[in-house]
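Student: sequence unavailable; structure follows:
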């Protein structure tokens, strides 16, 4: 089978498409025939070695959607899904949404769970919520979940994402590329960008799922680390099947994964990209 692996840490050129044996599941595990994985910016840090030492060679791919024992499954693993097959603990897999293709479902786990854990415990109906970084993969889910709970959503996004973010339900958009800023008060700020924000509006509390935020005096600020939760992932799937959330993703073949990483480092990706080793997919261009 094919697998996208790194044998050393470094730039995207260290990613290789290797021929490796199909893995064999152990007790409590199942063999998943992968439909797709997805690109997550955090995997850049994995590739670079920023997150600490790991056993090499290492197969990329945290999100997974595919079939196990003939049944559709999806979930979030500790790597290995950028391949034709992956072994996964059965306890980490749940049923995906039935209303979208399996390849698209691979866009959900990490980004969707991060958005869920940032929004659902912290945002209430009627509140004004400022989502910094709405054009990214997590941001799209965060905007939709904040609207789902009944919040007034203000989002930062570049012009290329405005139409999509409005479709997700954003009430106001701040175009950060023009130097615009938000001066009106908000109840909650959700920070989803890998660098500290250049400015902070008058705010009641700050939640960061990316770079830590130095909050103004007296403003509570927390930095969250996403936890895997199969119940929350199942709830996301149910909301998608109920039409409350939409999932947008562009799919590319496994051979393009190094180019996807290059574009990710350059900040040239918006939304989610899923990566599959099978099917008719368009190669990246430009």
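Tutor: Received the coordinates, thanks. Source: prediction; values computed, not measured. Numbering: from 1, shown residues only.

Student: first to last residue in stretch 51-71, what's the distance?
Tutor: 33 Å (C-alpha to C-alpha, to the nearest Å).

Student: report the buried residues of it.
Tutor: For stretch 51-71, a neighbour-count test (16 or more other C-beta atoms under 10 Å) marks 58-66, 68 as buried. Heads up, the C-betas are built off the backbone N, CA and C, glycines and all.

Student: likewise stretch 240-259?
Tutor: 240, 245-247, 249-254, 256-258.

Student: can you list the strands that the one helix or strand residue 17 maps to pairs with?
Tutor: Using DSSP states H and E, residue 17 sits in strand 15-19. Applying DSSP bridges, strand 15-19 is found paired with strand 2-6 (antiparallel).

Student: hmm, who's touching the partner strand?
Tutor: 14-20, 47, 56-61, 80, 82-84, 254, 257, 275, 277 (C-beta atoms under 8 Å, 6 or more residues apart in numbering).

Student: tell me the gap between that strand and the middle of its chain.
Tutor: 20 Å (C-alpha atoms, centre = their mean, to the nearest Å).

Student: now the strand holding residue 17: buried residues?
Tutor: 15, 17.

Student: circling back to that earlier point, in strands, which of the buried residues of stretch 240-259 appear?
Tutor: Taking DSSP state E as the definition of strands, these contribute 249-253.

Student: how much space separates residue 111 from residue 40?
Tutor: Distance, residue 111 to residue 40, using C-beta to C-beta, to the nearest Å: 7 Å.

Student: joint contacts of the two?
Tutor: residue 137.

Student: between the two, who's got more neighbours?
Tutor: Set residue 111 next to residue 40 and count neighbours by other C-beta atoms under 10 Å: residue 111 wins out with 29 against 24.

Student: just checking, that one is part of a helix?
Tutor: Yes: remark: residue 111 belongs to a helix, assigned using DSSP: H, G, I helix; E, B strand; the rest coil.

Student: could you pull out the strands for the stretch 51-200 of the chain?
Tutor: With strands called from DSSP state E, counting those that start in this stretch, the stretch 51-200 of the chain shows them at 58-59, 63-68, 71-76, 85-89, 93-94, 128-132, 152-156, 172-174, 186-191.

Student: helices or strands next to the fourth one in the packing?
Tutor: The helices and strands touching strand 85-89, judged by 3 or more C-beta pairs under 8 Å, 6 or more residues apart in numbering; DSSP states H and E, are strand 29-38, strand 63-68.
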